[in-house]
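Trainee: how would this look folded up:
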Amino acid sequence: MSAKTNQSGGSRLESASFVDWSRYHENRWRYEGNPKPAPESDIYNPDARNATTIRYDIDCRHDPEKRRKYKRLSEYNSGLRNGPKWTNDEYNTNLLNRHLIQALASQVGLNPRYKREAESLFRGFNLQQFGTDADIVAFCTCVAVVENSEENNRKCHPCVLDEKMDSEFKQVAREEGYQKRELISLYNKVTQAKDKYRG
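Mentor: Numbers count the residues shown, from 1 in each chain. Sure thing, here's the model as predicted:
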């Protein structure tokens, strides 16, 4: 620091830049750390890879007031909400689509490698171009992943006879009420024209 005389005759101290000595190594010879300040967070594109999980659905099951409060905090923490009115709809849709394909892949019994493959394929689609619900597109994506695998012997193609079809795929299709014609059409779009439907 140095002292400078100002116009009124008094002196003022000129401040030096702050050095964070806590980041020096024990031998005090080498600086470990980034001297640049951390960038401010972007409110419109939050970093939603949060390490804290707020389990409001389990921990606050019996107290509705607490459940509302911790649900709101969980949404702030994950980047889904910022204040009472603003919500990150794009991130919310992305999250719902990811959970949808993961749930369907688990329901039809895909192994972890095929789950990742199905999720990657499904999340690359622009779902609005299909002109139908996302759940049936996710189902056809799982069918396509299984049918295109070389080491898998499960029969789940929409054209397979009911008695030969894999029981898990057959059960999901029956419970959801998927029609065979629609499944065949979407399966062909997912496998043969997938570049047309990319996002």
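Trainee: so where's the protein uncertain?
Mentor: 1-51, 199 (pLDDT under 70).
Trainee: which SSE is the most centrally placed residue in the chain in?
Mentor: In the chain, the residue lying closest to the centroid (CA atoms, centre = their mean) is Leu95, at 4.6 Å. Using DSSP states H and E, Leu95 sits in helix 89-107.
Trainee: Can you tell me what sits against the helix or strand following that helix?
Mentor: Per DSSP H and E, the first helix or strand lying C-terminal to helix 89-107 is helix 112-123. If you take CB atoms under 8 Å, 6 or more residues apart in numbering as the criterion, helix 112-123 is touched by 94, 97-98, 101-102, 105-106, 110, 137-138, 141-142, 144-146, 149, 152, 190, 194. Glycine gets a C-beta too; all of them are placed from N, C-alpha and C.
Trainee: Take the residues you listed and, keeping just the buried ones, write it as a ChimeraX select command.
Mentor: The buried residues among the contacts of helix 112-123 can be selected in ChimeraX (16 or more other CB atoms under 10 Å) with this line:
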select :97,101,102,105,110,137,138,141,142,144,145,146,190
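Trainee: circling back: tilt between the helix holding Leu95 and helix 112-123?
Mentor: 140 degrees (axes from the mean of the first three to the mean of the last three CA atoms, to 10 degrees).
Trainee: Please list the residues outside helix 89-107 that contact it.
Mentor: For helix 89-107, the surrounding residues in contact (CB under 8 Å, 6+ apart) are 46, 48, 79-80, 114-115, 118-119, 122-123, 127, 134-135, 138-139, 141-142, 168, 172.
Trainee: ditto for stretch 150-170
Mentor: By CB under 8 Å, 6+ apart, stretch 150-170 touches 107-109, 114, 140, 142-143, 146-147, 180, 183-184, 187.
Trainee: And the strands in the protein?
Mentor: Taking DSSP state E as the test, the strands found in the chain are 2-5, 11-14, 81-82, 86-87.
Trainee: And the last one, how far out from the chain middle?
Mentor: Between the centre of strand 86-87 and the centre of its host chain there is 17 Å, according to CA atoms, centre = their mean, to the nearest Å.
Trainee: Likewise for stretch 124-137?
Mentor: Centroid separation between stretch 124-137 and its chain, computed with CA atoms, centre = their mean, is 17 Å.
Trainee: first vs last residue of that stretch, how far apart are they?
Mentor: With CA to CA, to the nearest Å as the measure, stretch 124-137 spans 12 Å from end to end.
Trainee: isn't Leu186 right next to Cys140, touching?
Mentor: Yes. Leu186 lies in contact with Cys140 (CB atoms under 8 Å); the separation is 4.3 Å.
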